[in-house]
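# Okay, sequence plus prediction incoming.
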Amino acid sequence: MSSSVLAKFADYGLLLVVPLAVLQNTDSVAWSIVAISLRGVAYAVSPLIGALIDRYDRRTLYVAAMILQFGCAAVVALWTNNTAVLSLAVFLSGLGGVASSISGQFVLVPALVVKENRPEAVSKLAFAVDLAKLAGFLLGGVSLGGAGQKFALGVVAACYLLAAAVGYLLPRLPVEAEPQTLIADLLVGFSWLKQRDLAFLVGTMALSNLAIGSLASVLVTLFGDRDVDPTVISVVLAGSLLVGALGSRLGSRLPRRWSAPIRILVCQLLLGAAFFVLTGAPSVWLQALCFGVVEFAAGLSNVASITFRQDVIPSGVAGRVNSVIRMFIAGAIPISGMVYAASEALHVPFWAPAIVLEALSLCVWSVSSWSSDVERRPDRCLDRWEDSVEPTGNPPVDRAEEFHRGWKSAS
C-alpha cells in the first residue's frame, strides 16, 4: 500500500506541473492538455505489458516500472523548456504507470489478500491513494509556486524512487503457469471480453472516461488560463480530491443487498449529475465543488467495479485480462484530453462532446444493470476460467490463501 501511495503522490504532482509548464512555454491550452494526456497513451499497448506481467515475477516488474517513472520524471525536470523531450518522457512514464497499476492493484492485491477481505482492502487502498492525490496536488502547487518547476519535478522523481524501494520489500510472486506464445496470451486477455457483464462494464467506463478522464488536468489548464495562482489551483482541487477520498473509503459500505451492477449504476448516476452541473457552473469555486462530487462518486464506483473484477478474474490471468480492460478504460483518458483539446481548437462548445459521451455511458450501464445475471449465476466465472485458460480442467485456486499458508510455514 505504501508504495502505491507514494507513486500516486508523484503521479498527481506530475499532473499539476507538466500542463502548467507547457502552458508557460507554448501559451497554448490545447497543447498543454495533449502533453499531459500522452502519459495515458501508453494504455494502447497495455495488453503487451499484461502478457509480461503474467510471464515474470510480479514484484520485480512492479519495481522496474517505478524506476522507469523515476528516470522519466528526472528527464522532465532537466528538460522542462524542451516540449518535445518533455512529451516523450511523459509518454514513457506512462508505460511505467500502466505496468505498476496493473501489477499492483489488479495482481498483487488480489493475490496477497484473501477474498473475504478484498472489498475492505480495496476501499482502504483507494482511500489512501486518493489522499495521496490530494497531497500530490498540494505539494506540487506549493513547491511549484515557491521553488519553481525543477524543484517540484525533483520531488516527484524522488517519490517514484522511494516507491520502488518500498515495493522491493514485497514478497516475490512468481508466475503460476507455463508461458504461452505472445499471440495466445493476447487471445486469453481479449477472450474475457466475451463475458457479457465485463463487456458492458468496459463500455460504460470507457465512455465515462472519454468524458471525465482528463477532467482534473483540464480544470488545471482552464484555471491557469484564467491566471489563477498555482497554489490556489492546487488547494482548490486538493479539497475536491479529499471528498473523493471519502468516497473511496465508503465504497465498501454500500448496501450489500444491492447487486454489483446496481451499486455501480447508483454511483455513475451521481457522477453524471455532478458533471452536468459542472459544465454549466459560472465560477471556479462552483466548478471545484462539482469536481469534488464527481470524485466522490468515482471513488464509490471504483471500489465496486474493482472488487467485482478481482472476484471475477483469477490471479493466473489477471495481468492479461486486466491489461486488456485497462487498455479500453484507462486508454480513454488521454483521448478525453484530446477531445477537449479538439473542442478548444475547433471552436465548438467546449463541454458539448463530453456531455454526450457521459450521457451515453449512463444509458449503456442502465440497460445492462437491470438485466445482469451476475447474482443469479455465481458459478459462471469458474466455467469461464476452465474453458479458456486451464487446460487441466482444474478449478481456480484461491492463491491468496495458498500464499498465506506457505508464508506462515516458511516463517
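Sure thing, it's come through. Numbering: from 1, shown residues only.
# And the helices in the stretch 101-250 of the chain?
Using DSSP state H, counting those that start in this stretch, the helices of the stretch 101-250 of the chain run over 109-112, 118-147, 149-167, 182-191, 196-212, 215-225, 230-250.
# quick one: which of those helices is nearest Leu88?
Taking CB to CB, helix 149-167 is the member of the helices of the stretch 101-250 of the chain nearest to Leu88, at 15.1 Å. Heads up, the C-betas are built off the backbone N, CA and C, glycines and all.
# related to what we said a few turns ago, for Ser366, which of the helices of the stretch 101-250 of the chain is the nearest?
For these, the distance to Ser366 is smallest for helix 196-212, at 9.2 Å, taking CB to CB.
# How far does that closest one sit from its chain's centre?
13 Å (CA atoms, centre = their mean, to the nearest Å).
# re the thing from before, quick one: which of the helices of the stretch 101-250 of the chain is nearest Thr307?
Of these, nearest to Thr307 by CB to CB is helix 118-147, at 4.9 Å.
# Let me know how buried the closest residue to Val236 other than its chain neighbours is, in neighbour terms.
Closest residue in space to Val236, ignoring its immediate chain neighbours: Ala288 at 4.5 Å, by CB to CB, 6 or more residues apart in numbering. Ala288 is flanked by 20 other residues according to other CB atoms under 10 Å.
# Ok, Asn82 next?
That count, for Asn82 with other CB under 10 Å as the rule, works out to 14.
# phi, psi of it?
Backbone torsions for Asn82, taken as degrees, to the nearest 10, come to phi -100, psi 100.
# and if you look at Ala345?
According to degrees, to the nearest 10, Ala345 has phi -70, psi -30.
# I'd assumed Ile33 was in contact with it.
No - contact criterion CB atoms under 8 Å: Ala345 and Ile33 do not qualify, at 10.1 Å.
# For the two, indicate the residue with more neighbours.
When Ala345 and Ile33 are compared for neighbours, Ile33 comes out ahead with 27 against 14, by other CB under 10 Å.
# in what helix or strand does that one lie?
According to DSSP states H and E, Ile33 maps onto helix 29-41.
# what element comes up after that helix heading to the C-terminus?
Per DSSP H and E, the first helix or strand lying C-terminal to helix 29-41 is helix 46-55.
# can you dump the C-alpha coordinates of that following helix into PDB?
In PDB, the C-alpha atoms belonging to helix 46-55 read as follows (Å, rounded to 0.1, in the frame of the first residue of the first chain):
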ATOM      1  CA  SER A  46      -1.200  -2.400 -22.200                       C
ATOM      2  CA  PRO A  47      -2.100  -6.000 -23.400                       C
ATOM      3  CA  LEU A  48       1.600  -6.500 -24.200                       C
ATOM      4  CA  ILE A  49       2.500  -5.200 -20.800                       C
ATOM      5  CA  GLY A  50      -0.100  -7.600 -19.300                       C
ATOM      6  CA  ALA A  51       1.500 -10.500 -21.000                       C
ATOM      7  CA  LEU A  52       4.900  -9.600 -19.500                       C
ATOM      8  CA  ILE A  53       3.300  -9.300 -16.000                       C
ATOM      9  CA  ASP A  54       1.900 -12.900 -16.300                       C
ATOM     10  CA  ARG A  55       5.300 -14.200 -17.500                       C
END
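# Mean confidence (pLDDT) on it, please.
Helix 46-55 carries an average pLDDT of 80.
# Give the other helices and strands that it contacts.
Under the contact criterion of 3 or more CB pairs under 8 Å, 6 or more residues apart in numbering; DSSP states H and E, helix 46-55 touches helix 83-103, helix 182-191, helix 318-329.
# which is the next helix or strand following that helix?
Past helix 46-55, the next helix or strand by DSSP H and E is helix 58-78.
# Show me what that next one is packed against.
Packing contacts for helix 58-78, counted by 3+ CB pairs under 8 Å, 6+ apart, involve helix 2-26, helix 83-103, helix 149-167.
# what about those, which gets the closest to Met205?
With CB to CB, the closest approach to Met205 among these belongs to helix 83-103: 14.4 Å.
# Would you mind getting the angle between that closest one and helix 29-41?
40 degrees (axes from the mean of the first three to the mean of the last three CA atoms, to 10 degrees).
# hang on, the earlier thing: out of the helices and strands packed on helix 58-78, which comes closest to Leu254?
Nearest of the helices and strands packed on helix 58-78 to Leu254, taken as CB to CB: helix 2-26 at 22.6 Å.
# Thought Ser368 was touching Thr204, still the case?
Yes - Thr204 lies in contact with Ser368 (CB under 8 Å); the separation is 7.2 Å.
# the more surrounded of these two?
For Thr204 versus Ser368, neighbours defined as other CB under 10 Å are more numerous around Thr204 (27 against 19).
# For the more buried one, which non-adjacent residue is spatially closest?
Trp365 (4.1 Å).
# just Asn25 next, same as before
Thr83 (5.7 Å).
# So that neighbour versus Cys290, what's the distance?
Separation of Thr83 from Cys290 (CB to CB, to the nearest Å): 31 Å.
# Name the helix or strand for Gly337, please.
Per DSSP H and E: Gly337 is located in helix 332-346.
# Report the inter-axis angle for that helix versus helix 83-103.
150 degrees.
# Now do the helices in the stretch 251-400 of the chain.
Under DSSP H, counting those that start in this stretch, the stretch 251-400 of the chain gives helices at 260-280, 284-312, 318-329, 332-346, 352-371, 380-388, 399-410.
# got TSV for the ones you listed, with mean pLDDT and distance to Val109 too?
Below are those laid out as TSV (pLDDT from 0 to 100; distance: least, CB to CB, whole Å):
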stretch	mean pLDDT	distance to Val109
helix 260-280	91	18
helix 284-312	86	7
helix 318-329	84	10
helix 332-346	83	21
helix 352-371	88	24
helix 380-388	40	18
helix 399-410	41	9
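# which one of these is the most hemmed in?
Among those, helix 318-329 has the highest mean neighbour count (mean count of other CB atoms under 10 Å), at a mean of 26.
# who does it touch, helix- and strand-wise?
Against helix 318-329 (3+ CB pairs under 8 Å, 6+ apart) you get helix 46-55, helix 83-103, helix 182-191, helix 196-212.
# Kindly recompute the last result at 10 Å.
helix 46-55, helix 58-78, helix 83-103, helix 109-112, helix 182-191, helix 196-212, helix 284-312 (3 or more CB pairs under 10 Å, 6 or more residues apart in numbering; DSSP states H and E).
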